[in-house]
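1. coords below, sequence missing:
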């Protein structure tokens, strides 16, 4: 699975309102990091991660399962926005949220809907925007195309986990997964370019942070006089 962070940032960029802030938020220009794992959703459960770049910059990310609908699961992601000047392109700092309705079709996950809420703004339904979702499909299980390197004990701020170590031979990314973690079983990830993602906390009792009735992107822009 490589859409969790990417689709959040792509949706934010697609609004045209956070072109600078989204890039700064990820600290990687227009190339947000990808996460992968084994999709095992449990409503109310999730995980917090710290993403560390090789230059030392850190970003936190929460991923939770907040609901079920029509045979799919609503997965919500939250990320801290940098401080700005309050203009349309530089919103004030705060937490941005995005949730996707994911439906499993065989080995694939398909995004049915995506809703984004930025600090100080009502939620926006991005589902009809052609560029809001960068990849409409992704694999639900990374193990199908990865090498099994055995079992290893991994210690993180969330505790010590007995993990399966998998390597993607295409890009040499390494993943440590445990069935004690939801929704992606991901405990740790290291990329070939030395960026890392590490589990910091397990989340229980998760509820959606997106409040209010979502409006379409067209309605939002009309209300802003654009």
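-> Yes, it's here. As the structure is a prediction and not an experimental result, all values here were calculated from the model.
2. could you pull out the strands for the protein?
-> Assigned by DSSP state E, the chain shows strands spanning 46-52, 58-69, 72-81, 94-105, 108-117, 124-125, 137-139, 147-156, 159-168, 173-177, 186-190, 196-203, 215-216.
3. angle of the fifth one against strand 94-105?
-> Yep, that's strand 108-117 we're talking about. 150 degrees (axes from the mean of the first three to the mean of the last three Cα atoms, to 10 degrees).
4. cool, and the first one?
-> On the basis of the same axes, to 10 degrees, strand 46-52 is oriented at 120 degrees to strand 94-105.
5. for this structure, name the helix or strand with the lowest mean pLDDT.
-> Between all helices and strands in the chain, the lowest mean by mean pLDDT, DSSP states H and E belongs to helix 19-26, at a mean of 36.
6. JSON lines for the strands of the chain, including mean pLDDT?
-> Formatted as JSON lines, those follow (pLDDT from 0 to 100):
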{"stretch": "strand 46-52", "mean pLDDT": "93"}
{"stretch": "strand 58-69", "mean pLDDT": "92"}
{"stretch": "strand 72-81", "mean pLDDT": "86"}
{"stretch": "strand 94-105", "mean pLDDT": "88"}
{"stretch": "strand 108-117", "mean pLDDT": "88"}
{"stretch": "strand 124-125", "mean pLDDT": "88"}
{"stretch": "strand 137-139", "mean pLDDT": "71"}
{"stretch": "strand 147-156", "mean pLDDT": "98"}
{"stretch": "strand 159-168", "mean pLDDT": "97"}
{"stretch": "strand 173-177", "mean pLDDT": "95"}
{"stretch": "strand 186-190", "mean pLDDT": "95"}
{"stretch": "strand 196-203", "mean pLDDT": "96"}
{"stretch": "strand 215-216", "mean pLDDT": "81"}
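7. now residue 170: how far from residue 194?
-> In this structure, residue 170 lies at 17 Å from residue 194, with Cβ to Cβ, to the nearest Å as the measure. C-beta here means a position set from N, CA and C on the backbone, and glycine is covered the same way.
8. now residue 170: closest residue in space, sequence neighbours ignored.
-> Ranked by Cβ to Cβ, 6 or more residues apart in numbering and with sequence neighbours excluded, the top spatial neighbour of residue 170 is residue 145, at 7.3 Å.
9. list phi and psi for residue 208.
-> Listed backbone geometry of residue 208 is phi -70, psi 140, with angles given as degrees, to the nearest 10.
10. quick check: residue 43 touching residue 66?
-> Yes: between residue 43 and residue 66 there is a contact under Cβ atoms under 8 Å: 7.1 Å.
11. what about the two, which has more around it?
-> Counted by other Cβ atoms under 10 Å, residue 43 and residue 66 do not tie: residue 66 has more neighbours, with 19 against 15.
12. list the contacts for the more buried one?
-> If you count contacts by Cβ atoms under 8 Å, 6 or more residues apart in numbering, residue 66 has them with 43-44, 74-76, 99, 206-208.
13. so which of the residues you listed comes closest to residue 200?
-> Of all the contacts of residue 66, residue 206 has the smallest distance to residue 200: 15.1 Å, by Cβ to Cβ.
14. can you give me phi and psi for the closest one?
-> Backbone dihedrals for residue 206, given as degrees, to the nearest 10, come out at phi -70, psi 140.
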